[in-house]
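1. fold the following and give me the result.
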Amino acid sequence: MAIAFDNLDRWSKPGNRSQPYLDTWRTPLGRPREELLAMLEEDTPEMTELRQSSPFAGILEPKERWHIYDTFESGTHHPGGGDDR
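-> The predicted model follows:
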């Protein structure tokens, strides 16, 4: 959670077009973990839009991200472990 809050603080600046989304993230990040996880899994237009400015960037290593892509999306196999080239 510290990384997510640090990202929001770093990305926040006057005139940032994503600022409304960044501000919106602060409330759910303060909720209990179970509530936050349930919200992240919601398949709603609001959550789809909010996830475009996710504060969780940098939490997973590239290899971990590619494993998730390979597991949940068809046609995204990345031979060599996804070294993020």
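
2. need the three-state assignment for residue 14.
-> Per DSSP: H, G, I helix; E, B strand; the rest coil, the secondary structure class of residue 14 is coil.

3. what's it sitting at in phi/psi?
-> Residue 14 adopts backbone torsions of phi -60, psi 140, taken as degrees, to the nearest 10.

4. next, count neighbours for it.
-> The tally of other residues near residue 14 (other CB atoms under 10 Å) stands at 5. The C-beta positions use only the backbone N, C-alpha and C, and glycine is treated the same way.

5. could you do residue 54 as well?
-> 13.

6. leaving out the residues flanking it, which one is nearest to it?
-> Spatial nearest neighbour of residue 54, excluding adjacent residues (CB to CB, 6 or more residues apart in numbering): residue 25 at 7.8 Å.

7. again with residue 11
-> Nearest to residue 11 is residue 22, by CB to CB, 6+ apart, at 5.8 Å.

8. and residue 72, what's its pLDDT?
-> We have a pLDDT of 78 for residue 72.

9. what does the one 4 residues further on give?
-> According to the predicted model, the pLDDT of residue 76 comes to 51.

10. shaky segments in this protein?
-> Within the chain, the segments meeting pLDDT under 70 span 73-85.

11. would you point out which residue is most central in it?
-> In the chain, the residue lying closest to the centroid (CA atoms, centre = their mean) is residue 54, at 3.5 Å.

12. what ranges do the helices span in this protein?
-> For the chain, the helices defined by DSSP state H cover 2-11, 19-29, 33-40, 45-50, 62-72.
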